[in-house]
Structure formats: structure tokens, C-alpha cells
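[1] here's my sequence, what's the structure:
(one chain, ligands or ions: 1)
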Amino acid sequence: MASRVIPVDPFDLVIFGGTGDLARRKILPGLFRRYSSGQMPEGARIIGAARSDLDRAGYQQLVNESIAEFGGAEKSDTAMLAKFLETLDYTPIDAKGEAGWDALSGMVRKDVVQAFYFSVAPSLFGDLAQRLHAHKIATDQSRIVVEKPFGRDLKSAKALNKSLRDHFDESQVYRIDHYLGKETVQNLMAVRFGNVLFEPLWNNHYVDHIQITVAETVGVGGRGAYYDRAGAMRDMVQNHLMQLLCLIAMEPPGQFGADEVRDEKLKVIRALQGVDPHHIVRGQYDAGPNGASYREDAENPRSFTESFIAMKVHINNWRWAGVPFYLRTGKRMKSRTSEIAVVFKDLGHSIFEGDEKRHRNILSIRLQPNEGMDLQVTIKEPGPGGMRLVDVPLDMTFAEALGDSDHEVTDAYERLIMDVIRGNQTLFMRGDEVEAAWAWTDPLINGWEGRNDVPKLYDAGSSGPEDALMLLHREGRKWRELKG
Ligand code: NAP
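    Have a look, this model is predicted:
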């Protein structure tokens with residue numbers, strides 16, 4: 001099934017931080033793939049901007065090398081790549097000074113879609129917004145794209161929001177959470193709201209509990225200094241896991257519009273109960289055969305920062321009263337797995353003699369690896385010997401089921417950037433959502449920081465600390481296995 005590519009309108013996309021890691025690894029290779037697919041129209045331009053003293057040819061070379069290194073260009077794409085490089089330009093600019101702004105002003109066209117990607121440290125967001133405004137480069141129609149981390153607590157998130165809103169309307173701000181750009185995450189909404197099958201069961205009458213897992217095998221690597229100030233709660237839970245929680249738990253919006261969807265997500269965040277500290281397990285990975293300990297990686301021998309967190313969360317509303325949501329995320333774990341599992345209740349009574357097992361339907365939505373979903377159903381074990389039951393998955397891997405190689409390569413970033421150009425904010429976090437998420441996480445973080453809680457050690461390559469297993473075991477439940 002070939003995917004339908006609808007070209008977007010002509011645009012000028014300025015990437016502040018266009019020489020940085022994110023631009024070279026994700027944004028530019030992603031844009032090249034969109035160009036190759038025919039989605040970038042004639043007349044679209046990409047302008048890199050950073051302090052480095054490059055000219056247009058120098059930037060084209062940097063982007064050429066980035067695409068070669070980080071994917072997107074097969075050998076047969078040489079001619080396509082040469083054409084893509086022609087869409088690029090560059091201007092040296094300093095977010096904190098006046099150098100370069102007049103030159104940028106002369107480059108950006110006023111009669112096409114204008115997008116400004118702030119791929120720089122958040123401490124520069126306010127400077128960029130202010131100078132775009134002061135130099136009359138941005139218009140009322142311009143869009144700005146900002147990256148996580150969006151603050152480290154409610155106070156700093158409010159300050160960041162204000163620094164953007166002083167110059168741009170909320171309808172112009174696109175806060176990226178790349179998890180929301182994943183095919184599966186959008187499919188989660190399609191499955192829930194496009195089928196008659198699931199929605200009637202999507203409540204506390206039929207759902208026993210929900211698990212959300214984002215496990216990584218990598219450690220903190222070169223990000224140790226940043227990560228040690230953040231930890232898993234700020235780096236993963238406050239944004240990615242909470243966004244997934246919102247999408248799985250929200251009420252059906254009246255229509256699939258940006259504010260309708262985001263209004264419903266906001267209601268979920270506001271309905272979250274405070275979490276009992278006994279229902280939070282923080283962990284830190286220990287040295288193992290394949291790598292150093294967290295403290296060595298973070299170069300902080302006395303660090304109390306968590307590289308793992310598991311928690312039980314409740315949502316105070318009619319639909320979810322009494323249904324636990326178990327969230328778990330960590331680094332240096334057994335496998336790279338991101339999954340949402342909706343575990344339905346058992347039947348309560350079996351008519352099949354000798355069938356002692358508790359059979360459960362489980363809908364699992366895989367974000368990685370192999371984006372897809374499966375539904376565990378109970379069937380008769382094939383062959384003679386009476387009615388023995390067995391649980392099997394009805395498995396659908398999107399790349400196989402849809403038979404479309406484009407689905408394998410359409411990365412979340414490229415999809416989201418095209419949404420920016422289209423002016424569709426549905427998959428971007430609104431300012432009030434971000435603030436509500438911090439308002440919920442702040443007291444939890446302040447709690448363990450105030451108590452100087454020491455995270456539990458776990459073996460690198462494991463499923464996390466023993467206490468995290470106990471969080472579910474003591475309630476007669478168990479975590480979904482991380483397949484190594
Ligand atoms: P990076 O590699 O350090 O790049 C920073 C960029 O900003 C460089 O292009 C740098 O170029 C430019 N820059 C620095 N100071 C500047 C100034 N005063 N004026 C203009 N440009 C300036 O950082 P990154 O990893 O790309 O991250 C960028 C943003 O994305 C950060 O907010 C980060 O938290 C976020 N993020 C990154 C990733 C990732 O995978 N890398 C993932 C999620 C979020 P010059 O030195 O030449 O000026």
C-alpha cells in the first residue's frame with residue numbers, strides 16, 4: 001500500500017542551531033527524506049543559523065556529511081541529494097547579540113510559510129523570540145518550534161512560556177515531543193476512536209490496569225552532566241510518558257482538532273492523583289560487564305539522581321476510578337522497548353473444566369521496536385486432548401501489515417516538521433499542558449529531593465530494581481516482560 005504524499009505549501013524554515021547535534025542527526029536527514037518523497041514543494045528553503053562562521057557552500061557540505069552519517073541517502077539518491085542541497089542556505093547569527101540579524105531579515109520571505117526551529121539550549125529561546133520580533137523578521141503567521149526540555153519545574157516552564165508569549169501567540173508555538181509524532185501513537189487514537197470494538201471496554205468495568213514502559217539499553221553516555229541535573233522523572237516521565245498516558249486515558253474529543261485533543265489531554269493531567277511515595281521506585285544502574293555505573297557515567301560519585309523510575313498512578317475520574325496506571329522507564333535496561341499495554345480483567349468464571357489459568361486479553365501497542373500492536377486472545381490449543389486453552393497474540397507489525405517501506409522510515413521528526421508547515425498543532429504540547437504536567441511532578445520531585453532519598457541500585461541489562469517488581473507483585477500483577 002503506497003502512502004499518499006500531499007505536498008505542503010512553499011516555506012522558509014530557519015533552523016537556529018542548524019549546526020548542532022539535533023539538526024545534523026534528526027532534522028536535516030528527516031527533511032531530506034521528505035524532499036525525496038516529494039512532500040517538500042519547489043520553492044521551499046531551509047536556512048541554517050548558528051554562530052559558526054560558515055558560508056552557504058560550507059553549510060551544504062556539513063549537511064551532506066550529516067545525511068551520509070545519519071541516514072536518509074542511498075547511493076541512488078545522489079542526484080536527489082544534490083537538488084536537496086540547493087534548497088539550503090546559511091547565515092552566521094548570535095542569539096545573544098545583534099550580529100547576523102539584518103542578513104537573516106533579508107533572506108526570509110514574507111509571502112511563504114515561515115517557521116523558526118529553535119534547536120538550541122532553552123536559555124536562548126527568549127533571546128531568539130525577542131530578536132525575531134525586534135528585527136521584524138517574524139510575522140503574525142510565523143511559527144516557532146521549540147524542543148524539550150521545556151523547563152525543569154513549574155516556575156522555569158512558566159518563565160519559558162512567558163518569554164515566548166511576549167512575542168508570539170500560543171497558536172504560533174509548536175512544542176515538540178517527538179513521541180507524539182510516532183506512527184503508533186497516532187494509531188492509538190485511530191484504534192480507540194475509529195473502531196466500535198474498543199471504546200465500550202475502555203473503562204474501569206473492563207480494564208484491570210494499564211502499563212506504560214519506555215526502556216532503553218543505553219546509559220547516559222555523553223549527556224551525563226545534563227542528565228544528572230534532570231533524572232528520569234524530568235527527562236522522560238514529565239513529557240513522554242505523561243503524553244502517552246493522556247492519549248490512552250483521555251475522553252473522546254468532539255473532533256480531531258488541535259485544541260479539542262489538547263483540551264482532553266489537559267483534563268487527564270488535572271485529574272491525576274498525587275502519588276504515595278511508597279508507590280514510586282527510583283533506581284540507578286550499577287556497573288556491569290558491558291559498562292560503567294551511572295555514577296561513573298555521570299561523573300558524580302555521590303549522585304542521587306534516578307536513571308530508572310517506576311510508579312503507580314491513579315486518575316480521579318469516572319472512567320478510570322480504581323484502575324492503576326503503572327509507568328516505568330529506565331536506562332541500561334534489558335531491552336529497548338516502548339510499549340503501552342492495556343490489560344483487561346479476567347473472565348471471572350471459566351466454563352472449561354480443568355482450566356485453572358487466568359486468561360486475559362491484553363492490547364499492547366508497541367512504539368519500538370517494530371512499531372505495531374497485538375491483541376492477546378484465548379483460543380483452543382490445537383490438536384486432540386479436550387478443551388485446553390492457550391493465549392496467543394494477534395500480531396500486527398505496521399511495516400509488514402501495511403506493506404509500505406515508507407512507514408519504516410518516516411521518522412517522528414519529519415512528520416512533525418511537516419505538521420508545523422501545515423499549521424497543525426494537534427501533535428504538539430500546549431503551554432497549559434506543559435505547566436499542568438510540571439504542577440503534578442514538582443511535589444513528587446521535591447518530596448524525594450527533600451528527603452535525600454537514595455535510588456535503589458539495579459544491574460545494568462536487567463528489568464530494574466527488585467522493588468519495582470514488587471510494586472506490582474504485591475497486588476497480584478506483574479510487569480510485561482522486557483524481551484532481551
Ligand atoms: P548542540 O549540539 O549543543 O547544538 C547547539 C546549537 O546551538 C549549535 O548549532 C550551536 O552552534 C548553536 N548555538 C549555541 N549558542 C548559540 C548562540 N548564542 N547563538 C546562535 N546559535 C547558538 O545541541 P543539540 O543537541 O543540537 O540540542 C539542541 C536543542 O535540542 C537543546 O534544547 C536540546 O536539549 C534539544 N534536544 C536535543 C536532542 C538531541 O538528540 N540532540 C534531543 C531532544 C532535545 P554554534 O556553536 O555554531 O553557535
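[2] got the phi/psi numbers for the residue of the stretch 301-450 of the chain found nearest the ligand?
    Of all residues in the stretch 301-450 of the chain, the one sitting closest to the ligand is residue 413 (9.5 Å; Cβ to the nearest ligand atom). No exception for glycine: its C-beta is placed from N, CA and C like everyone else's. The phi/psi pair for residue 413 (degrees, to the nearest 10) reads phi -60, psi -50.
[3] which residues touch it?
    26, 27, 30, 176, 178, 181 (Cβ atoms under 8 Å, 6 or more residues apart in numbering).
[4] same deal with residue 116?
    Residues in contact with residue 116 (Cβ under 8 Å, 6+ apart) are 13, 14, 16, 128, 132, 138, 142, 143, 144, 145.
[5] which parts of this structure belong to which domain?
    Annotated domains of the chain cover 11-147, 180-409+430-473 [automatic domain parsing].
[6] distance to the ligand for those domains - can I get that in JSON lines?
    Listed next are the domains of the chain as JSON lines, based on distance: least, Cβ to the nearest ligand atom, whole Å:
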{"stretch": "domain 11-147", "distance to the ligand": "2"}
{"stretch": "domain 180-409+430-473", "distance to the ligand": "7"}
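[7] I'd like those as a markdown table, with distance to residue 165 and mean pLDDT appended.
    A markdown table is the format used below for those (distance: least, Cβ to Cβ, whole Å; pLDDT from 0 to 100):
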| stretch | distance to residue 165 | mean pLDDT |
| --- | --- | --- |
| domain 11-147 | 9 | 94 |
| domain 180-409+430-473 | 7 | 92 |
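[8] next, count neighbours for residue 202.
    Neighbourhood size, residue 202 [other Cβ atoms under 10 Å]: 21.
[9] list phi and psi for it.
    Taking degrees, to the nearest 10 as the convention, residue 202 sits at phi -90, psi 60.
[10] residue contacts, the closest residue in space to it that isn't next to it in sequence?
    Excluding the flanking residues, the one nearest residue 202 by Cβ to Cβ, 6 or more residues apart in numbering is residue 192, at 6.7 Å. Residues near residue 192 by Cβ under 8 Å, 6+ apart: 198, 199, 202, 252.
[11] neighbouring contacts of stretch 359-371?
    By Cβ under 8 Å, 6+ apart, stretch 359-371 touches 179, 182-185, 187-188, 191, 198, 208, 214, 336-347, 350, 372-378, 389, 391, 393, 397-399, 407, 480.
[12] let's see which of the residues you listed end up in strands.
    Within these, residues falling in strands by DSSP state E are 208, 214, 337-344, 372-378, 389, 391, 393, 397.
[13] neighbour-wise, which one of the contacts of residue 192 leads?
    residue 202 (21 neighbours).
[14] show me what contacts that residue?
    192, 319, 342.
[15] quick one: it and residue 246, what's the gap?
    14 Å (Cβ to Cβ, to the nearest Å).
[16] what of residue 141?
    Using Cβ to Cβ, we find residue 141 at a distance of 29 Å from residue 246.
[17] quick one, which of these two is more surrounded?
    residue 246 (24 against 12).
[18] which strand or helix spans that one?
    Using DSSP states H and E, residue 246 sits in helix 242-249.
[19] now residue 363. Its backbone dihedrals?
    phi -100, psi 120.
[20] list the beta-bridge partners for it.
    Here residue 363 sits in beta bridges with residue 342, residue 375, going by DSSP bridges.
[21] and the residue nearest to the spatial centre of the chain, how far is that from the ligand?
    Nearest to the geometric centre of the chain sits residue 179, at 2.2 Å (Cα atoms, centre = their mean). Applying Cβ to the nearest ligand atom, to the nearest Å, the value for residue 179 to the ligand is 11 Å.
[22] from memory that residue sits against residue 246, does it?
    No: with contacts counted by Cβ atoms under 8 Å, residue 179 stays clear of residue 246, the gap being 11.1 Å.
[23] burial check on residue 353, number of neighbours?
    Neighbours around residue 353, by other Cβ under 10 Å: 7.
[24] residue contacts, the nearest residue to it once chain neighbours are set aside?
    Excluding the flanking residues, the one nearest residue 353 by Cβ to Cβ, 6+ apart is residue 387, at 7.7 Å. By Cβ under 8 Å, 6+ apart, the contact set of residue 387 is 352, 353, 355, 380.
[25] ok, now which ones touch the first one?
    Residues touching residue 352, when contacts are defined by Cβ under 8 Å, 6+ apart, comprise 387, 389.
[26] repeat that for the third one.
    By Cβ under 8 Å, 6+ apart, the contact set of residue 355 is 387, 388, 389.
[27] who are the packing partners of the helix or strand hosting residue 155?
    Using DSSP H and E, residue 155 sits within helix 154-165. In terms of contacts (3 or more Cβ pairs under 8 Å, 6 or more residues apart in numbering; DSSP states H and E), helix 154-165 is packed against helix 125-134, helix 431-451.
[28] check the offset of the shortest one from the chain's centre.
    What that stands for is helix 125-134. Relative to its chain's centre, helix 125-134 lies at 26 Å (Cα atoms, centre = their mean, to the nearest Å).
[29] now stretch 11-28
    For stretch 11-28, the distance to the chain centre is 18 Å (Cα atoms, centre = their mean).
[30] show me which residues of that stretch are buried.
    11-20, 22-24, 26-28 (16 or more other Cβ atoms under 10 Å).
[31] likewise for stretch 49-63?
    Result for stretch 49-63 [16+ other Cβ under 10 Å]: buried residues 49, 50, 54, 59, 60, 62, 63.
[32] list the contacts of that stretch.
    For stretch 49-63, contacts defined as Cβ under 8 Å, 6+ apart pick out 14-20, 24, 28, 48, 85, 88-94, 100, 104, 120.
[33] what pairs with the helix or strand containing residue 115, parallel or antiparallel?
    Using DSSP H and E, residue 115 sits within strand 113-118. Here strand 113-118 has these sheet partners by DSSP bridges: strand 11-16 (parallel), strand 143-146 (parallel).
[34] next, the angle from the longest one to helix 125-134.
    What it means is strand 11-16. Angle of strand 11-16 versus helix 125-134, following axes from the mean of the first three to the mean of the last three Cα atoms, to 10 degrees, is 140 degrees.
[35] ok, and what's touching the next helix or strand after strand 11-16?
    Next helix or strand after strand 11-16 toward the C-terminus (DSSP H and E): helix 21-22. Helix 21-22 is contacted by residues 119, 147 when judged by Cβ under 8 Å, 6+ apart.
[36] just give me how far stretch 388-407 sits from the chain centre.
    That offset, for stretch 388-407, works out to 23 Å (Cα atoms, centre = their mean).
[37] what does that stretch contact?
    Contacts of stretch 388-407 (Cβ under 8 Å, 6+ apart): 1-3, 37, 183-184, 187, 352, 354-355, 357, 359-360, 364, 370-381, 408.
[38] still on that earlier bit, deepest-packed of the helices and strands packed on helix 154-165, please.
    helix 125-134 (a mean of 19; mean count of other Cβ atoms under 10 Å).
[39] circling back to that earlier point, of all the helices and strands packed on helix 154-165, which one is nearest residue 256?
    Across the helices and strands packed on helix 154-165, the minimum distance to residue 256, taken as Cβ to Cβ, is reached by helix 431-451, at 16.8 Å.
[40] now do that closest one: which elements does it pack against?
    helix 154-165, strand 173-175, helix 242-249, helix 258-270, strand 280-286.
[41] where's it relative to the chain centroid, distance-wise?
    With Cα atoms, centre = their mean as the basis, the mean position of helix 431-451 lies at 19 Å from the chain mean.
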